[in-house]
Structure formats: C-alpha cells, structure tokens
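*Asks:* I'd like to go over a predicted model; first the sequence, then the structure.
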Amino acid sequence: MNKTFWESKWAKPISAFISIFGFLLIWHIGVNSSSLGELMPGPIDVLSRFVGSFSVNIGQYTILGHALWSLSRVAIAYSVASFAGVICGLAMGRYPKFEAAFRPYFEIIRPIPPIAWIPMAILWFGLGELTKYFLIFLAAFSNVTLNAYTGAISVDPELIGAARMLGASDNQIFRTITIPASVPHIFAGMQISLSSSWATVVAAEMVRSSEGIGWMIVSGMEINNMQQILAGIVAIGLIGYGLATFMRFLERKLLVWNERGA
Amino acid sequence: MSKNIIKLEVKNLCKQFGDLLVLDDISFNVNKGEFLCIVGPTGCGKTTFINSITKLYTPTSGEILLDNEIVDPNKHNIAYIFQEESTMDWLTVFQNVEFGLKVKKIPKAEREIKVNEYLEIVGLTEFKDYYPRELSASMLQRVSIARAFVTEPDLLLMDEPYGQLDIELRFKLEDELINLWERTGTTVLFITHNIEEAVYLAENIMILTNKPAKVKSRLPVNLQHPRDIADPEFVEIRNKVTELIRWW
C-alpha cells in the first residue's frame, strides 16, 4: 500500500500540499500563541491580503498590475541580453581571437551582483526604466554568453570529425553541428539568467520606482504594512517558480531530442 | 572487376608526436574496391594512421595519395565510421543519414530516394523519424554506416566500428557490411584489433608491429563470403595472423 502510493503520480503533489499546509499551520499556531505574533502577521492575514490585492489597488495598480510591470521589464531586458549573449558566446566559440580578447570581461563581470551597479546605473541612465533594463541586462548577459561559449567549444570532436569527413566546410560545421549541439547549454544559461533577472528587477524596483513588485515591498515598509510586504514576497516566489516551470516546459517542447528535456 | 587499379597509395608515412614516433615509414597500396583490414596490437598507432588519411592529423613525413592526388577530405569523398557513436543527436535518423548529401548540396528529391534506399538496407526504415537517444547502440552504429555509405564514398575508413558491441550484434553488422560492400564496390579500410573479425571480413589483412608501427606483413584471405569461423581454413588463417601479431 505504502509502496504503491509512492509510485503513483499523485505522491509528489500530495506530499507538497501536506508539507506546505503543515508549514502554514505551524506559522498560524506560532503567531497566535506566542510573542512571534508581535513580529509578523499570520498566514491567514498575509494570504487574504495577497488574494485581496488582486481586486484592491496598492498604489496605482493591483498586485497583478505590479507583477506585469516587473515582468515586462524582465521581458525586454532579458530578451535583449539573451539575444546578445548567444551571439557573443557563439562568436567566442567560433573565433579564438575574439574569445581571447573578450572572455576575461565576462569572467570578471559575472561574479559582480547586478545591484552593485545601481549607483552607477542611476548616474548614467537616470531614475527611469533604462536603469532597470541595464541592471537586468547585466544579470542575464554574462551567464548566457558564457554558457553559449561553453556549448560551442564542448562539441564532441567526433561529431566535427564526422561532419568534416562528409565534406562539410568550417562554416557548414559551425552552422549544422556547433550551433545545434550548443542549444542545451544555451538553454541552461537562459534558465539561470531568467531567475537572476527576476531577482534583479525586484531589487532595482526596491531602490527606485513607483510600480512593480519590488516597489510594493518598499512601500509596505514605508507605511509599516507587513501584510503587504509578505504578500509581495509570496508573489515573487510564485512568479519565480512559474518562470522556471515555463522554461522547463519550453525546453521539453523545443529540445525533444535531448535527454535533459526528456 | 577493376580490381587492379590503385585507389590509395601510402608512401613512407611517418608520424611523430614530440619525441614519440608512432608511425615508422609505412608504405602500402590499396586497390579499388578492395576490403583491407589493418590489425595490430592495441595502442600501436592504428588510429593515428587513419587520422593521417583524413587529415585530422598532418603526417610528419611521407604522403598519402588517393586516385593519384594528395588526399583531401574537401575534394575526395571519404567516409569515416568511428569507434564511438557519432550520430547528431538533434537530427532524426533520416536527417542523420541525409547529412552528407545535404552538405554536398544534392537536390532534395534525390536525397530522399537515396536515404530511403540505405535506411532500407540497414533495416532502419521504421525508425527514420526517431531521435538517436531513442535507439540502441547497434542501431546507432547502423545509422553511422548508412550515413557513410549513402554518400557513395571513394574510400570508407572504419576505426573499430564494432568494438563496443556484443558478439551477436557484431556478427550481424559484419554480415551487413560485407553485403553493402559487395553491392557498392566501395574501397574499405577497416581497422581492428580483433583478429577473428579481420579474418571474417577482409580480402587482405595488413599486420602492423607494436609502436612505432611498421608494416609487418600482408596476407590475403581467399575465402568466400559468408565465412564460417569454424572452417579449418579460416582457423588456419586466424592462427597465422595471431602468430604474426605477437610481439611478446
């Protein structure tokens, strides 16, 4: 009986549900029966605030509006960064001189958290959208580039040899072998980058903006509304989870041939 | 047949990696349509030799002529079947076999006819829309074989292509290979360390010495295909090759 339960496809969703429900229950009991209640609101408060904010405005928008603002910033900057990153990464894989000259930049820029650039970004791009795009771009660009580069140089030499023997020129090899063989690496880079873009937009909005999920949290802090802060945090988590799931779905659809996608 | 035309001519081939001499003055000819097996102790430089033909390595000295011209994969039609799987995982079986024809810009209609023909020969017609990861090791090796034969190569190089397969599958694929070779008249250079495999397949067997590799001797196998490994004549040739290959 026990064994068949763990083999069923419902085992995981049911376990997750029980676990989360248990966590909320402990939170609820903790807040209502100890001094924890002075530090934070209970789960019922937070979740009802979260659900309520779909119909009641916080600032200028409902929570959905704020989420769409944040997501649209990510969509714009992340797309540009991914596109540029794939091109740069593949170019580094194709032309060793280009790689020798530029890869050090990526290796140095990658470990710098994008939010460290906030002061400079504000100086350069002002307080508007451009600063946020710049920060998200930084969060995504290096990872996509370096992953695309890794993909391009780690193509199985046997495959390149096989293609060369079949008469393929260097350009044909690059187009028909290197690029498709790099796609799983590129995808992995884009998955990591999407998560860090999402984290970065929230940080950027917390510093300076008048809408978005990050703003929701900061404004909650200013008016001392813990429900609003926690509702924002719940939204960040759910959307981040949704984005990751979406990327996995895309990978499964687009990379049918790849074991990782199976 | 046109068996006496020289297809491949190897002249005084040497290859050195730093101080390590791997190939030591190797010379031999292969006739058009010949099936030559090269056997030698493991690690004697068989793969280095084949990589010199394919220009994956440049020889230190000596030359390799194919149809009286210095060998050049961009000009000559050489197919190479590797020991490891070398299918393109993002292409279906059909597209894998089609690859060489597409690279050579052969029209689509013609490509389709040829690919289907060779898929039929290697028995993969049903699997033509499958991706490589959905296939077994022996099927993958058949994809590589079809991909090589479909280009109707001047020269087919095989580097222990069946080394990773179990005996039963090996016999089956070896029979298939002989079949294809007899049908197409391709010149085949087959490298193996498996003596029985060499005697089973080859018209001629060339034996290399231990490193640095020299040509030790060359002997014909005048037996009809399909061969019987229990046939006394077969056993005799096998023992002879084994004796020649011992270096201890």
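*Replies:* Alright, I've got the coordinates.

*Asks:* Which residues are in contact with residue 48?
*Replies:* All of this refers to chain A. For A:S48, the contact set (C-beta atoms under 8 Å, 6 or more residues apart in numbering or on different chains) is empty. Just so you know, the C-beta spots here come from the backbone N, C-alpha and C atoms, and that holds for glycine as well.

*Asks:* Hmm, no, I was thinking of chain B.
*Replies:* B:K15, B:V22, B:L23, B:Y57, B:A213.

*Asks:* what's the closest of those residues to chain A?
*Replies:* Nearest to chain A out of the contacts of B:T48 is B:Y57 (C-beta to the nearest C-beta; 11.0 Å).

*Asks:* The nearest residue to B:D228 once chain neighbours are set aside sits in which helix or strand?
*Replies:* Closest residue to B:D228 apart from its sequence neighbours, by C-beta to C-beta, 6 or more residues apart in numbering or on different chains: B:F234 at 6.2 Å. Here B:F234, judged by DSSP states H and E, is contained in helix B:232-245.

*Asks:* what's in contact with that helix?
*Replies:* B:39-41, B:195-196, B:198-200, B:205, B:207, B:216-217, B:219, B:221, B:223, B:227-229.

*Asks:* Quick check: closest non-adjacent residue to A:F174.
*Replies:* A:R94 (5.7 Å).

*Asks:* low-confidence ranges in chain B?
*Replies:* B:1-3, B:54-57, B:247-248 (pLDDT under 70).

*Asks:* one step back: name only those of the contacts of helix B:232-245 that count as buried.
*Replies:* B:39-41, B:195-196, B:198-200, B:205, B:207, B:221, B:223, B:227 (16 or more other C-beta atoms under 10 Å in any protein chain shown).

*Asks:* Return only those of those residues found close to chain A.
*Replies:* Contacts with chain A are made by none of the buried ones among the contacts of helix B:232-245, judged by C-beta under 8 Å from any C-beta of the partner chain.

*Asks:* Make a markdown table out of those and add distance to A:F187 and secondary structure.
*Replies:* Formatted as a markdown table, those follow (distance: C-beta to C-beta, whole Å; DSSP: H, G, I helix; E, B strand; the rest coil):
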| residue | distance to A:F187 | secondary structure |
| --- | --- | --- |
| B:V39 | 44 | strand |
| B:G40 | 44 | coil |
| B:P41 | 44 | coil |
| B:I195 | 46 | helix |
| B:E196 | 45 | helix |
| B:A198 | 44 | helix |
| B:V199 | 48 | helix |
| B:Y200 | 45 | helix |
| B:I205 | 48 | strand |
| B:I207 | 49 | strand |
| B:V221 | 51 | coil |
| B:L223 | 53 | coil |
| B:R227 | 49 | coil |
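
*Asks:* so which of these comes closest to chain A?
*Replies:* Out of those, the member with the shortest distance to chain A (by C-beta to the nearest C-beta) is B:G40, at 21.3 Å.

*Asks:* max-length helix in the chain?
*Replies:* Unless you meant another one, I'm taking chain A. helix A:63-94 (DSSP state H).

*Asks:* ah, I was thinking of chain B
*Replies:* helix B:167-184.

*Asks:* in that one, what's buried?
*Replies:* B:L169, B:R170, B:F171, B:L173, B:E174, B:L177, B:I178, B:L180, B:W181, B:T184.

*Asks:* Touching that helix from outside, list them.
*Replies:* So helix B:167-184 is contacted by B:35, B:121-122, B:137-138, B:141-142, B:145, B:149, B:152, B:161-162, B:165, B:186, B:188, B:197, B:200-201, B:225-226 (C-beta under 8 Å, 6+ apart).

*Asks:* Give me the distance between stretch A:8-18 and the centre of its chain.
*Replies:* 25 Å (C-alpha atoms, centre = their mean, to the nearest Å).

*Asks:* was I right about B:I70 contacting B:T58?
*Replies:* No: counting by C-beta atoms under 8 Å, B:I70 stays clear of B:T58, with 11.4 Å between them.

*Asks:* Compare neighbour counts for those two and give me the winner.
*Replies:* B:I70 (11 against 8; other C-beta atoms under 10 Å in any protein chain shown).

*Asks:* which element is the most centrally placed residue in chain A on?
*Replies:* By C-alpha atoms, centre = their mean, chain A has its centre lying nearest to A:S195, at 1.5 Å. Element membership for A:S195, per DSSP H and E: helix A:179-207.

*Asks:* Give me the angle between that helix and helix A:63-94.
*Replies:* 140 degrees (axes from the mean of the first three to the mean of the last three C-alpha atoms, to 10 degrees).

*Asks:* could you say what helices and strands helix A:179-207 packs with?
*Replies:* Counting contacts by 3 or more C-beta pairs under 8 Å, 6 or more residues apart in numbering or on different chains; DSSP states H and E, helix A:179-207 packs against helix A:63-94, helix A:118-125, helix A:129-153, helix A:213-222, helix A:226-254.

*Asks:* follow-up on the earlier one: can you show me the CA trace of whatever helix or strand comes next after the longest helix of chain A as PDB?
*Replies:* Downstream of helix A:63-94, the next assigned helix or strand under DSSP H and E is helix A:96-109. Output in PDB follows, covering the C-alpha atoms of helix A:96-109 (Å, rounded to 0.1, in the frame of the first residue of the first chain):
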ATOM      1  CA  PRO A  96      39.600  32.200 -30.800                       C
ATOM      2  CA  LYS A  97      41.000  35.700 -31.100                       C
ATOM      3  CA  PHE A  98      37.600  37.200 -30.200                       C
ATOM      4  CA  GLU A  99      37.500  34.800 -27.300                       C
ATOM      5  CA  ALA A 100      41.000  35.700 -26.100                       C
ATOM      6  CA  ALA A 101      40.200  39.400 -26.100                       C
ATOM      7  CA  PHE A 102      36.700  39.400 -24.600                       C
ATOM      8  CA  ARG A 103      36.200  36.400 -22.300                       C
ATOM      9  CA  PRO A 104      38.100  38.000 -19.400                       C
ATOM     10  CA  TYR A 105      35.500  40.700 -19.200                       C
ATOM     11  CA  PHE A 106      32.700  38.200 -18.900                       C
ATOM     12  CA  GLU A 107      34.600  36.200 -16.300                       C
ATOM     13  CA  ILE A 108      35.100  39.400 -14.200                       C
ATOM     14  CA  ILE A 109      31.700  40.900 -14.700                       C
END
